[in-house]
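Trainee: Okay, here's the prediction I keep looking at, along with the sequence it came from:
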Amino acid sequence: MLLRRGCFSVKSAYDALLREIVPGPLLSPRKSKIFSSIWDSPAPSKVIAFSWQLLHDRVPTKDNLLLRGVIHDNSEGKCVWCDVSPESSRHLFLHCKVAHEVWYEIFKWLGVVIVMPSNFLHLFECFGEVASTKKLRKGFRLVWHSVLWAIWRARNNKVFNNMEMKPIDIIEEVKVTSWKWSLERLKISPCLFYEWVWEPGICINS
Ligand SMILES: [Zn+2]
């Protein structure tokens, strides 16, 4: 996203998306606060923009493509992984067995106890609530962004390249991307990848 003077800004991406998204009912103060804190993240802006669109259910999942007449046959609308449930954003990113396993392992990796809520917004809140410091909260929420991004990439690899990624591959990708983004953008003290994998909380707080 470019400003008139050609400079990139996350704020400009946020404003552009706001203009593009059809305004829904007025958000409660709680939801508005959460929505704006989604942008307060060291994740790359394209990743944040993706999470934002996901929260508004504007991602081209198969149920959305069916709704918009891009695909016509209900049988084409099944989840790529379980081939049972319709591919909705909630199913694909939260409740499918693949997504479930990914989140479960990520919670374990971060050392947090979270009962999987029914929506992304609440999950984002949970990631903030289980963090004991401001920096940790930012780091955990960075992981929240990277999980959504990694699940979408894995889904697209399966749909477009017939490339199967198992939950363990998605989890590995989350660990790698969140490590890189934390070093580059969260400005944590330099740590090696194995240290990040071993104790992400200590790396973020150091
Ligand atoms: Zn599924």
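Mentor: Everything's here; your move. Numbering: from 1, shown residues only.
Trainee: how about the nearest residue to residue 91, chain neighbours excluded?
Mentor: Counting by Cβ to Cβ, 6 or more residues apart in numbering, the nearest residue to residue 91 once its immediate chain neighbours are dropped is residue 85, at 4.9 Å. For glycine as for every other residue, the C-beta is placed from the backbone atoms N, C-alpha and C.
Trainee: Can you report how many residues lie near that neighbour?
Mentor: 17 (other Cβ atoms under 10 Å).
Trainee: got it, and residue 194?
Mentor: Residues near residue 194, counting by other Cβ under 10 Å: 9.
Trainee: That one and residue 175: what is the separation?
Mentor: Between residue 194 and residue 175 the computed distance is 10 Å (Cβ to Cβ, to the nearest Å).
Trainee: Pull up the residues of the protein that are close to the ion.
Mentor: Counting by Cβ under 5 Å from the ion, the residues of the chain close to the ion are 79, 81, 82, 96.
Trainee: Enumerate every residue touching the nearest residue to the first one once chain neighbours are set aside.
Mentor: For residue 79, ignoring the flanking residues on the chain, the nearest one in space by Cβ to Cβ, 6+ apart is residue 87 at 4.5 Å. The contact partners of residue 87, taken as Cβ atoms under 8 Å, 6 or more residues apart in numbering, are 61, 62, 63, 77, 78, 79, 80.
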